[in-house]
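S.K.: would you be able to build a 3D model of this:
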Amino acid sequence: MDSTSQLGENMDTVTLRQHVLINQVAAATGSEHDIAKHLLQATDWRLEAALSLFFQDRTVPIPCKLFCPDVS
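M.R.: Residues are numbered from 1 along each chain as shown. This next block holds a predicted model:
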């Protein structure tokens, strides 16, 4: 099933504004639409708060092999 049809099935109960917000969060985070919807619901549909929630405490891991040549 492609993401467009999956999105249509999951978006039946949201408004157009909410649909746009879900797409924005999904695009900005690279997450699935259902995760984006959950983030927005948890933050009362506030875009910046949802993005902050997603990115809080996230760091880009540095592969150990770059700094630990003995580790395979």
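
S.K.: how about the nearest residue to A28, chain neighbours excluded?
M.R.: Spatially, and ignoring its direct neighbours in sequence, A28 is nearest to L51 (5.9 Å; CB to CB, 6 or more residues apart in numbering). No exception for glycine: its C-beta is placed from N, CA and C like everyone else's.

S.K.: doesn't A27 make contact with that neighbour?
M.R.: No: with contacts counted by CB atoms under 8 Å, L51 stays clear of A27, the gap being 10.8 Å.

S.K.: between the two, tell me which one has more neighbours.
M.R.: Summary of the neighbour comparison: L51 and A27, criterion other CB atoms under 10 Å, with L51 having more neighbours (18 against 10).

S.K.: for the helix or strand hosting K37, list the C-alpha coordinates in PDB.
M.R.: Remark: K37 resides in helix 33-42, with elements defined by DSSP states H and E. Coordinates of each C-alpha in helix 33-42 appear next as PDB, following Å, rounded to 0.1, in the frame of the first residue of the first chain:
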ATOM      1  CA  HIS A  33       2.000  10.100   9.300                       C
ATOM      2  CA  ASP A  34       0.500   8.200  12.200                       C
ATOM      3  CA  ILE A  35       3.500   9.200  14.400                       C
ATOM      4  CA  ALA A  36       3.200  12.800  13.200                       C
ATOM      5  CA  LYS A  37      -0.500  12.700  14.100                       C
ATOM      6  CA  HIS A  38       0.300  11.300  17.600                       C
ATOM      7  CA  LEU A  39       2.800  14.100  18.200                       C
ATOM      8  CA  LEU A  40       0.400  16.800  17.200                       C
ATOM      9  CA  GLN A  41      -2.400  15.300  19.300                       C
ATOM     10  CA  ALA A  42      -0.100  15.200  22.300                       C
END
